[in-house]
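Engineer: Next come a sequence and a model predicted from it.
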Amino acid sequence: MADPELVDVVVVGLGVGGEEVAERLAEAGLSVVGIERDLVGGECPYWGCVPTKMMIRAANALAEAHRVNELAGSAQVQPDWAPVAKRIREEATDTWDDKVAVDRFTGKGGRFVRGSGRLDGPDRVRVGDQVFQARYGIVLGTGTRPSIPPIDGLGDTPYWTNHQAIEVEELPESLLILGGGAIGLELAQVFARFGVRVTVVEAADRVLAVEEPEASEVAAAALRADGVIIATGVKAERVSHDGQSFTVHGGGAEFTADRLLVVTGRRAHLEELGLETVDVDASQRYLPVDERMHAADGIWAVGDLTGEGAFTHIAMYQAAIVVADVLDQMRRTKGGPDPSGTASVVGGAAGVASAVGGAMSAGGATAAPGSVPRADYRALPRVTFTDPEVGAVGLTEQQARERGINVQVGYTDLTTSARGWIHKAGNAGFIKLIVDADQGVLIGATSVGPAGGEVLSGLVVAVHAAVPLSQLRHMIYAYPTFHRAIEDALRNLK
Ligand SMILES: Cc1cc2nc3c(=O)[nH]c(=O)nc-3n(C[C@H](O)[C@H](O)[C@H](O)COP(=O)(O)OP(=O)(O)OC[C@H]3O[C@@H](n4cnc5c(N)ncnc54)[C@H](O)[C@@H]3O)c2cc1C
Ligand SMILES: NC(=O)c1ccc[n+]([C@@H]2O[C@H](COP(=O)([O-])OP(=O)(O)OC[C@H]3O[C@@H](n4cnc5c(N)ncnc54)[C@H](O)[C@@H]3O)[C@@H](O)[C@H]2O)c1
């Protein structure tokens, strides 16, 4: 075994979070080793956010064309998956090749190692027969993989995860989706709009169960209108495959289709990371971190691995904190380059990973001495990109009540707003506000509608900055926007 090689920082897992940390620290002049076993950029650009949103863009174009019949004459639409598959292959993923991302990292001075990294003591990482010793620290950004439920027979079938669903070149005639969460719903609507007969089987009593019940209802109604069959409260008990089709047995019913997509949540694999060598319990579901992303002395973690929200914007938010903290600690305790040299990554190179990094780094934290930001998830936004979009921030009504908060709720139906009425076809949605009545501030909100994710932004600011209700009531909302419905919801608070 070779002697350990001394470097400044080792980053294990170059997904959204790890890539951002590795690039920015390399840019700041540190010697950074970045280790990735699959594709630099991780799940989001290759099998997650970006290709799914390309699919959704295409599927929504089809749906909008159908709305011509109600609003503007007549339109005939002939769906074709080929341009979508081509766009994902060529524009999003370079046919699942990360050369652009690797070159970007090495172009900033980083050293790239392809392989599986594993902790080997408090300041060491082993990858194959190489060992790196980190002078300033180790950053773990190893993400999650699909969590496959232990259903009888499932493991013996050629089921799809999100990877096969994203890489598909020819659509099946029918598709069973196990799991009615964010991935299940987004993909169900896409495939249904391209003519696939889709059935969603969900164990909980409603789809999108982490969000407000009203959001589940609107999303389910929209999918049903697209022809999706939704079976809730069905726990799959057995799965079989006869060489042609899949059958899922559960709740006394049977569901059959050409393909089966399993999207029942995701899981971090802590047992692979050598955490026992740094006295961290690897049997936990996620790797707990403090508000500066410390998982242990000299070890930081970013992204899905931390269990703080499986979203690209969380990974990027945390990455900015890690970068600032590494530079700050290095300066204070060990003496190193002035952290004010930290620059933001500027996306620009071809390839999706740069689109993700470039877009998200603009709001990143800087590392001014003594001002390392602390993570604050009170205003965590999330958007499920169904049509209508389901946007939400902060607490749901149930979460707020469970915390014993003196809650007020304001609700308004988007179809009754001026813009909703004008919009007509495809105008389903609502605004729901959750208020801490004692503090007089918003602590949560849901915005469902044609632009639900965009309307959300004002609500995120209100929760994040704890804007007093009196201010929100006495501001001017442009007419006739969708976001003007926020004013109606405020009026309806009770
Ligand atoms: C279908 C789908 C759609 C999504 N849509 C959205 C969306 O619209 N908006 C949104 O915000 N989020 C979305 N997400 C979630 C988003 O993709 C994740 O939150 C994000 O990718 C998390 O980044 P990460 O860096 O934590 O992990 P990942 O992206 O999972 O990257 C982790 C990386 O670490 C590597 N790795 C793991 N172990 C090791 C090891 N031991 N050694 C070396 N490398 C290792 C992996 O190969 C991987 O590349 C979606 C996810 C999916 C699956
Ligand atoms: N637009 C976005 O931001 C976006 C899109 C997709 C994914 N994501 C992220 O990725 C994460 C993972 O997505 P996901 O949809 O896999 O997980 P999820 O946790 O959102 O949903 C999984 C669903 O599967 C159900 N389920 C679990 N076991 C089941 C079983 N045996 N039979 C039937 N149903 C079962 C659960 O009740 C749940 O509703 C999300 O939590 C989200 O953070 C984000």
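Structural biologist: Sure thing, it's come through. For clarity, every value in this text was computed on a predicted model and none was experimentally measured. Ligands and ions are numbered 1, 2, ... in the order given.
Engineer: contacting residues around the nearest residue to residue 232 once chain neighbours are set aside?
Structural biologist: Distance criterion CB to CB, 6 or more residues apart in numbering; nearest residue to residue 232, sequence neighbours excluded, is residue 202 at 4.8 Å. From N, CA and C alone the C-beta is placed, and that goes for glycine too. Counting by CB atoms under 8 Å, 6 or more residues apart in numbering, residue 202 makes contact with 179-180, 184, 209, 230-234.
Engineer: would you turn these into CSV with neighbour count, distance to residue 444 and pLDDT?
Structural biologist: CSV is the format used below for those (neighbours: other CB atoms under 10 Å; distance: CB to CB, whole Å; pLDDT from 0 to 100):
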residue, neighbour count, distance to residue 444, pLDDT
179, 25, 24, 98
180, 29, 22, 98
184, 26, 24, 98
209, 15, 16, 98
230, 22, 25, 98
231, 18, 29, 98
232, 17, 24, 98
233, 12, 26, 97
234, 22, 29, 97
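Engineer: Next, the residue nearest to residue 232: phi, psi?
Structural biologist: For residue 202, the backbone dihedrals (degrees, to the nearest 10) come out as phi -120, psi 130.
Engineer: ok, it to ligand 1 distance?
Structural biologist: 17 Å (CB to the nearest ligand atom, to the nearest Å).
Engineer: Report how many residues lie close to the residue lying closest to residue 236 once chain neighbours are set aside.
Structural biologist: Computed as CB to CB, 6+ apart, the closest residue to residue 236 that is not its neighbour in sequence is residue 250, at 4.2 Å. Other residues within reach of residue 250, judged by other CB atoms under 10 Å, total 19.
Engineer: Could you double-check that residue 250 sits in contact with residue 239?
Structural biologist: No - applying CB atoms under 8 Å, one finds residue 250 not in contact with residue 239, separated by 9.1 Å.
Engineer: which parts of the stretch 351-494 of the chain sit against ligand 2?
Structural biologist: Residues of the stretch 351-494 of the chain found near ligand 2 (CB under 6 Å from any ligand atom) are 382-385.
Engineer: Of these - the most surrounded one?
Structural biologist: The residue in those with the most neighbours, by other CB under 10 Å, is residue 384 (24 neighbours).
Engineer: give me the beta-bridge partners of the residue nearest to residue 236?
Structural biologist: Using DSSP bridges, the bridge partners assigned to residue 250 are residue 236, residue 253.
Engineer: ok so, going back, so of the contacts of residue 202, which ones are in strands?
Structural biologist: Counting by DSSP state E, the contacts of residue 202 place 230-231 in strands.
Engineer: helices or strands up against the longest strand belonging to the chain?
Structural biologist: The longest strand of the chain (DSSP E) is strand 130-140. Applying 3 or more CB pairs under 8 Å, 6 or more residues apart in numbering; DSSP states H and E, we find strand 130-140 packed against strand 5-12, helix 16-27, strand 124-127, strand 299-301, helix 312-329.
Engineer: Put together JSON lines for those, with mean neighbour count, mean pLDDT and distance to residue 292 on each row.
Structural biologist: Converted to JSON lines, the helices and strands packed on strand 130-140 look like this (neighbours: other CB atoms under 10 Å; pLDDT from 0 to 100; distance: least, CB to CB, whole Å):
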{"stretch": "strand 5-12", "mean neighbour count": "23", "mean pLDDT": "98", "distance to residue 292": "15"}
{"stretch": "helix 16-27", "mean neighbour count": "29", "mean pLDDT": "98", "distance to residue 292": "13"}
{"stretch": "strand 124-127", "mean neighbour count": "21", "mean pLDDT": "98", "distance to residue 292": "20"}
{"stretch": "strand 299-301", "mean neighbour count": "28", "mean pLDDT": "98", "distance to residue 292": "8"}
{"stretch": "helix 312-329", "mean neighbour count": "25", "mean pLDDT": "97", "distance to residue 292": "5"}
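Engineer: one step back: export the longest strand of the chain to CSV, keeping only CA atoms.
Structural biologist: Below are the C-alpha coordinates for strand 130-140, written out as CSV (Å, rounded to 0.1, in the frame of the first residue of the first chain):
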residue,chain,number,x,y,z
GLN,A,130,-4.7,5.1,-3.0
VAL,A,131,-4.9,6.9,0.4
PHE,A,132,-5.3,10.6,0.7
GLN,A,133,-4.6,12.5,4.0
ALA,A,134,-6.6,15.7,4.3
ARG,A,135,-4.8,18.6,5.9
TYR,A,136,-7.9,20.7,6.5
GLY,A,137,-10.8,18.2,6.2
ILE,A,138,-13.0,15.8,4.4
VAL,A,139,-16.3,16.5,2.8
LEU,A,140,-18.9,13.8,2.2
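Engineer: Quick check: which ranges of this protein have low pLDDT?
Structural biologist: When residues are selected by pLDDT under 70, those of the chain lie in 1, 333-370.
Engineer: Give me the subset of the contacts of residue 202 that also touch ligand 2.
Structural biologist: Contacts with ligand 2 within these, counted by CB under 6 Å from any ligand atom: 179-180, 184, 209.
Engineer: Return the closest of these with respect to residue 55.
Structural biologist: residue 184 (13.6 Å; CB to CB).
Engineer: where does the stretch 101-250 of the chain come near ligand 1, residue by residue?
Structural biologist: Applying CB under 6 Å from any ligand atom, we find that the stretch 101-250 of the chain lies next to ligand 1 at 116-117, 141-144, 162, 183.
Engineer: Spell out the residue ranges of the strands in the stretch 201-350 of the chain.
Structural biologist: For the stretch 201-350 of the chain, the strands defined by DSSP state E, counting those that start in this stretch cover 229-231, 236-241, 246-250, 253-257, 259-262, 266-267, 294-296, 299-301.
Engineer: Comparing the ones you listed, which stretch has the densest surroundings?
Structural biologist: strand 299-301 (a mean of 28; mean count of other CB atoms under 10 Å).
Engineer: Tell me if it is near ligand 1.
Structural biologist: No - for strand 299-301 and ligand 1, the contact criterion (CB under 6 Å from any ligand atom) is not met; the two come no nearer than 9.1 Å.
Engineer: Name the nearest residue to residue 439, ignoring sequence neighbours.
Structural biologist: residue 466 (7.4 Å).
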